[in-house]
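*Asks:* Please work out how this folds:
(one chain, ligands or ions: 1)
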Amino acid sequence: MTSCFNGGAGWPEPVVRVQTVSDTCGDTIPDRYVKPQSDRPSPPASGGVAGGGPNIPVVDLSMPDSDATSRAVAAACREWGFFQAVNHGVRPELLRGARAAWRGFFRQPAEVRERYANSPATYEGYGSRLGTAKGGPLDWGDYYFLHLLPPSLKSHEKWPSLPASLRETTEEYGEEVVQLCRRVMRLLSSGLGLEAGRLQEAFGGAGGEGACMRVNFYPRCPQPELTLGVAAHSDPGGMTMLLVDDHVRGLQVRSPDGQWITVEPVPDAFIVNVGDQIQVLSNAAYKSVEHRVTVSAAEERLSMAFFYNPRSDLPIAPMPELVAPGRPALYPEMTFDEYRVFIRQRGLAGKAQLESLKASNKAAAAPVTADGSPSSSS
Ligand SMILES: O=C(O)CCC(=O)C(=O)O
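*Replies:* Numbers count the residues shown, from 1 in each chain. Next up, the predicted model:
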């Protein structure tokens, strides 16, 4: 059994791979994976398309410089914080190749996977938990976390060497998705009434930004109604480009009226969502929305979450152009490095981190006007 444990590496207790739990637990999942009643997934038939209700918008990015595209992206991000991007310019063969390579990694023997076991210091590598609280709740999923940008953080040695295509495919995939993120940043910036390059500039400019990826693998689960693959959270970074299996549902998004809806994946689309840093920069014009992942008894699922982030040592605060006497800055200034210290210590916790920042800002900071000077209104 030792091959399924990562007993050292700074975790508070031995880490058991969900793949191993899935293979050995029979019909009953261990208590650590059972969510409180209020957090358990609603039956699939009640959500989203399956229930005939509303769903996240689909946006065609084939004309990335047009006003209509910018308006569609902005409307989706103001209302839902999410959209599915089609005709996004990344080749379908590359999407399929990347998914196949990573599925290949999760199918390697445990000894091969364990060579890359991660620690809570950086999370880089093969992991099965977020947060370091001993005895804390666990999600029904294993993952692989790696850095792509800045180049100083990227190390192919830390990426799996098997399957043989993985490093090259991931490299190409990363380059293409960064380009796509930059295109969407322009659309988001224009959608705020700003110059197209403004949001990118606030991220540290093209070449200054950060990018990392978490590949999630959710094994089959005998009691999917009791657990989640990833508990409810908003993404701490700037923007996420999520690639999911075309045929397996799992992602649920909190709709504008507070319901959990299940996203019906459009084949070869990216699911794009706003993260906490863009919510802050846009002074909450764009929403970083809670989402979570359900699992299935019938099918395993793979997803690739590509996180596009501001340069980690830049102060991030509402952009002055979006602050006015009637619209004070809602968040205090904080670097992304500082912000993710919260997340790494506490694990993902719904919208709690961003809301606590907002509350502390209200209590402590005087609003700032458009030119950045303190407002006289309070
Ligand atoms: O697997 C999914 O559909 C979403 C994964 C996710 O939310 C994440 O990795 O942060």
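*Asks:* ok, residue 147 to residue 215 distance?
*Replies:* In this view, residue 147 and residue 215 are 13 Å apart by Cβ to Cβ, to the nearest Å. Every C-beta, even on glycine, is put in place using the N, C-alpha and C of the backbone.
*Asks:* Which one of the two is surrounded by more residues?
*Replies:* residue 215 (25 against 21; other Cβ atoms under 10 Å).
*Asks:* hey, what's the more buried one bridged with?
*Replies:* residue 144, residue 304 (DSSP bridges).
*Asks:* Just to check, it is in contact with residue 100?
*Replies:* No - with contact defined as Cβ atoms under 8 Å, residue 215 does not count as touching residue 100 (12.0 Å).
*Asks:* in this structure, which spans are helices?
*Replies:* Secondary structure of the chain (DSSP state H): helices at 18-24, 67-79, 92-106, 110-114, 166-191, 198-202, 276-281, 336-346, 352-364.
*Asks:* among these, which is nearest the ligand?
*Replies:* helix 336-346 (10.9 Å; Cβ to the nearest ligand atom).
*Asks:* Show the average pLDDT along that closest one.
*Replies:* Regarding helix 336-346, the rounded mean pLDDT is 78.
*Asks:* likewise stretch 172-184?
*Replies:* Computed over stretch 172-184, the average pLDDT equals 98.
*Asks:* quick one: buried residues of it?
*Replies:* Across stretch 172-184, burial judged by 16 or more other Cβ atoms under 10 Å covers 173-174, 176-178, 180-184.
*Asks:* Which residues of this structure lie near the ligand?
*Replies:* By Cβ under 6 Å from any ligand atom, the residues of the chain that approach the ligand are 214, 216, 230, 235, 242, 244, 250-251, 291, 293, 303, 305.
*Asks:* JSON lines please, covering those and showing neighbour count, pLDDT and distance to residue 33.
*Replies:* Shown next, in JSON lines, are the residues of the chain next to the ligand (neighbours: other Cβ atoms under 10 Å; pLDDT from 0 to 100; distance: Cβ to Cβ, whole Å):
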{"residue": "214", "neighbour count": "20", "pLDDT": "98", "distance to residue 33": "19"}
{"residue": "216", "neighbour count": "23", "pLDDT": "98", "distance to residue 33": "15"}
{"residue": "230", "neighbour count": "24", "pLDDT": "97", "distance to residue 33": "12"}
{"residue": "235", "neighbour count": "26", "pLDDT": "95", "distance to residue 33": "22"}
{"residue": "242", "neighbour count": "23", "pLDDT": "98", "distance to residue 33": "23"}
{"residue": "244", "neighbour count": "24", "pLDDT": "98", "distance to residue 33": "21"}
{"residue": "250", "neighbour count": "27", "pLDDT": "97", "distance to residue 33": "16"}
{"residue": "251", "neighbour count": "25", "pLDDT": "97", "distance to residue 33": "19"}
{"residue": "291", "neighbour count": "24", "pLDDT": "97", "distance to residue 33": "19"}
{"residue": "293", "neighbour count": "23", "pLDDT": "98", "distance to residue 33": "13"}
{"residue": "303", "neighbour count": "25", "pLDDT": "98", "distance to residue 33": "18"}
{"residue": "305", "neighbour count": "21", "pLDDT": "98", "distance to residue 33": "20"}
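*Asks:* Identify the farthest-apart pair in the residues you listed.
*Replies:* Greatest spatial distance among the residues of the chain next to the ligand (Cβ to Cβ): 235 and 250, at 16.1 Å.
*Asks:* Please read off the pLDDT at the nearest residue to residue 298 once chain neighbours are set aside from the model.
*Replies:* What sits nearest to residue 298 in space, not counting adjacent residues and going by Cβ to Cβ, 6 or more residues apart in numbering, is residue 220, at 6.9 Å. You'll see residue 220 listed with a pLDDT of 98.
*Asks:* I figured residue 220 hits residue 296, correct?
*Replies:* Yes - between residue 220 and residue 296 there is a contact under Cβ under 8 Å: 6.6 Å.
*Asks:* okay, how far is it across stretch 318-332, tip to tip?
*Replies:* Length of stretch 318-332, first residue to last, Cα to Cα, to the nearest Å: 8 Å.
*Asks:* mean confidence score for that stretch?
*Replies:* 96.
*Asks:* What residues of that stretch count as buried?
*Replies:* 318-319, 322-323, 328-332.
*Asks:* out of the residues you listed, who's nearest the ligand?
*Replies:* Nearest member of the buried residues of stretch 318-332 to the ligand, counting by Cβ to the nearest ligand atom, is residue 331, at 21.1 Å.
*Asks:* I'd say the closest one and residue 322 touch.
*Replies:* No - between residue 331 and residue 322 there is no contact under Cβ under 8 Å: 11.4 Å.
*Asks:* Common neighbours of the two, please.
*Replies:* The contact sets of residue 331 and residue 322 overlap at residue 283 (Cβ atoms under 8 Å, 6 or more residues apart in numbering).
*Asks:* list the contacts for residue 142?
*Replies:* Residue 142 neighbours (Cβ under 8 Å, 6+ apart): 17-19, 106, 126-128, 216-217, 219.
*Asks:* related to what we said a few turns ago, now the common contact residues for residue 215 and residue 100.
*Replies:* What both residue 215 and residue 100 touch, as defined by Cβ under 8 Å, 6+ apart, is an empty set.
*Asks:* what's around the residue of the stretch 51-200 of the chain found nearest the ligand, how many residues?
*Replies:* In the stretch 51-200 of the chain, the residue that lies nearest the ligand is residue 143 (7.2 Å; Cβ to the nearest ligand atom). By other Cβ under 10 Å, 25 other residues sit near residue 143.
*Asks:* cool, and residue 77?
*Replies:* Residue 77: 30 neighbours (other Cβ under 10 Å).
*Asks:* tell me the contacts of it?
*Replies:* 83, 188, 191, 274, 278, 286-287.
*Asks:* Any chance of JSON lines for those residues, columns pLDDT and neighbour count?
*Replies:* Formatted as JSON lines, the contacts of residue 77 follow (pLDDT from 0 to 100; neighbours: other Cβ atoms under 10 Å):
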{"residue": "83", "pLDDT": "98", "neighbour count": "24"}
{"residue": "188", "pLDDT": "98", "neighbour count": "27"}
{"residue": "191", "pLDDT": "98", "neighbour count": "24"}
{"residue": "274", "pLDDT": "98", "neighbour count": "28"}
{"residue": "278", "pLDDT": "98", "neighbour count": "29"}
{"residue": "286", "pLDDT": "98", "neighbour count": "26"}
{"residue": "287", "pLDDT": "98", "neighbour count": "22"}
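*Asks:* Cheers, nothing more for now.
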